[in-house]
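Student: quick check, what structure comes out for this input:
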Amino acid sequence: MALTGTKKRVRLKMRKKFLEVYKDQRCNAGQTRQILGLGRHTFERWMERYPKFAAAVLEIEEAMIEDVEVVLADNAIAGKQRAIEFFLLNRKRERYRNTQRSEISGIDGGPITYKEILYEDPKSPEAPPQQEIKNAVEEEKNGSRDSTAL
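Tutor: Here you go, the predicted structure:
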């Protein structure tokens, strides 16, 4: 397409060419700009200044989404597991949502217990010796519950 004529006409032809290439490039604006030698700011400016251009871009994107949805539905009907999961999770989220529930409890389903041992530096003279820490852990394992319940 020869881009000759007034600046306004050239810009209009450039935007039309952009839309053609954008559709061919499957809505990849970066590739389209690179093919046409346009900067990112030019595209953004066109989207802000020309509502018809912005509407045409959105229309091309919606058409592509519809095409992809058709392929997704075909794959789900063909029994492709991932397509089925994706389709159901996104179409009927309230029914097929993927949730997991975890419950954390203490020994035999009881409350969680803990023993607080505070010190800043293990090499500090105020820090309890490692053996004292090991003994406290062993006491807890053996059932000597001297800890605070949550």
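
Student: tally of neighbours for residue 32?
Tutor: 21 (other CB atoms under 10 Å). Where you see a C-beta, it was placed from the backbone N, CA and C, and this is true even at glycine.

Student: also residue 86?
Tutor: 14.

Student: that one and residue 72 touch, don't they?
Tutor: Yes. Applying CB atoms under 8 Å, one finds residue 86 in contact with residue 72, separated by 6.8 Å.

Student: longest helix in this protein, by number of residues?
Tutor: The helix that spans the most residues within the chain, counting by DSSP state H, is helix 51-77.

Student: helices and strands around that one, which ones?
Tutor: Counting contacts by 3 or more CB pairs under 8 Å, 6 or more residues apart in numbering; DSSP states H and E, helix 51-77 packs against helix 7-24, helix 40-49, helix 81-91.

Student: what angle do that helix and helix 40-49 make?
Tutor: 100 degrees (axes from the mean of the first three to the mean of the last three CA atoms, to 10 degrees).

Student: quick one: distance of helix 51-77 to the chain centre.
Tutor: Relative to its chain's centre, helix 51-77 lies at 20 Å (CA atoms, centre = their mean, to the nearest Å).
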